[in-house]
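S.K.: Provided below are the primary sequence and the corresponding predicted coordinates.
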Amino acid sequence: MIITKAKPFEEILPFVEGRKNIFIVGCNVCAAKMRTGGEPEVLELADRLEKAGHPIIGWALPTAACSVRSFDHLADKNEKIKDADCILVMGCGSGTSVVSSVTDVPVTGTNETMSLGGCLGLHPSEQLCIMCGECNIGDFSGICPNARCPKSQMNGPCGGSKNGKCEVSRENDCVWYLIERKMDSINLTPVLSDIQMPKNHRV
Ligand code: SF4
Ligand code: SF4
């Protein structure tokens, strides 16, 4: 089970600022057990957001956030997601990455992912999250360079990125190519000029 803890509410607010159609995706496996993403927590976050002036348009609770296979999978749970202009994922970093991979809108997680606790979700080989405990995946619209770049490059690609491919394995896309492509498509590329500070590895 992936161990998560909820981020402070105030850390979530900047992500939804200016958004009109906020949608929440919970996780009915690990996060539900940790009480960071089951139905009660989803409803509580929805209530807090509404009271803070950010009403949501809907929410969905897939079996596990990391088990989402397609956008239709989520739309089957609640078709309001089709109108979303941002998505909050109440799961682990891996679940947030998976949801991000099926949508073009900005995605962030509401939890810190702390440790493995037994298994690596349903995506053991894709290394979507390395459980750093200081999740800022929302700064990259749901694609984590800390986990998906072999060098954990947090401030842009290394010199080996070529034609969108990673120098470590030319079969793989450079994660910074994926990030820039998504951020570009939603006009958020300027956000990438923010300097990312080193992670606190003691966390
Ligand atoms: S920043 Fe990346 S590695 Fe850290 S918790 Fe978030 S998804 Fe996982
Ligand atoms: S090419 Fe891209 S993914 Fe590969 S190590 Fe360099 S920055 Fe990371």
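M.R.: Cool, got the structure. Note that the structure is predicted; figures quoted are calculated from it, not measured. Ligands and ions are numbered 1, 2, ... in the order given.

S.K.: Show the contacting residues for the residue of the chain found nearest ligand 1.
M.R.: The chain approaches ligand 1 most closely through residue 93 (2.5 Å), counting by CB to the nearest ligand atom. The C-beta positions use only the backbone N, C-alpha and C, and glycine is treated the same way. Shown in contact with residue 93 (CB atoms under 8 Å, 6 or more residues apart in numbering): 109, 113, 128-129, 131-132, 135, 137, 144, 147.

S.K.: Identify the residue nearest it in space, chain neighbours excluded?
M.R.: residue 129 (3.0 Å; CB to CB, 6 or more residues apart in numbering).

S.K.: Ends of stretch 17-27, what's the gap?
M.R.: End-to-end distance of stretch 17-27 (CA to CA, to the nearest Å): 24 Å.

S.K.: what domains does the record give for this protein?
M.R.: 3-141, 149-190 (automatic domain parsing).

S.K.: I'd like the ones you listed written out as JSON lines, with mean pLDDT and distance to residue 196 added.
M.R.: Output for the domains of the chain, formatted as JSON lines (pLDDT from 0 to 100; distance: least, CB to CB, whole Å):
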{"stretch": "domain 3-141", "mean pLDDT": "92", "distance to residue 196": "7"}
{"stretch": "domain 149-190", "mean pLDDT": "93", "distance to residue 196": "4"}
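
S.K.: ranking those by burial, who's on top?
M.R.: Most buried of the domains of the chain by mean neighbour count (mean count of other CB atoms under 10 Å) is domain 3-141; its value is a mean of 20.

S.K.: still on that earlier bit, can I take it that the residue nearest to residue 93 is in a helix?
M.R.: No. Residue 129: not assigned to a helix; according to DSSP: H, G, I helix; E, B strand; the rest coil it is coil.

S.K.: ok, back up a step: turn the domains of the chain into CSV, columns for distance to residue 200.
M.R.: Formatted as CSV, those follow (distance: least, CB to CB, whole Å):
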stretch, distance to residue 200
domain 3-141, 6
domain 149-190, 13
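
S.K.: what's the closest of those to residue 202?
M.R.: Distance to residue 202, taken as CB to CB, is lowest for domain 3-141 among the domains of the chain, at 9.0 Å.

S.K.: anything in the closest one near ligand 2?
M.R.: No. Contact of domain 3-141 with ligand 2 (CB under 6 Å from any ligand atom) is absent, the minimum separation being 11.5 Å.
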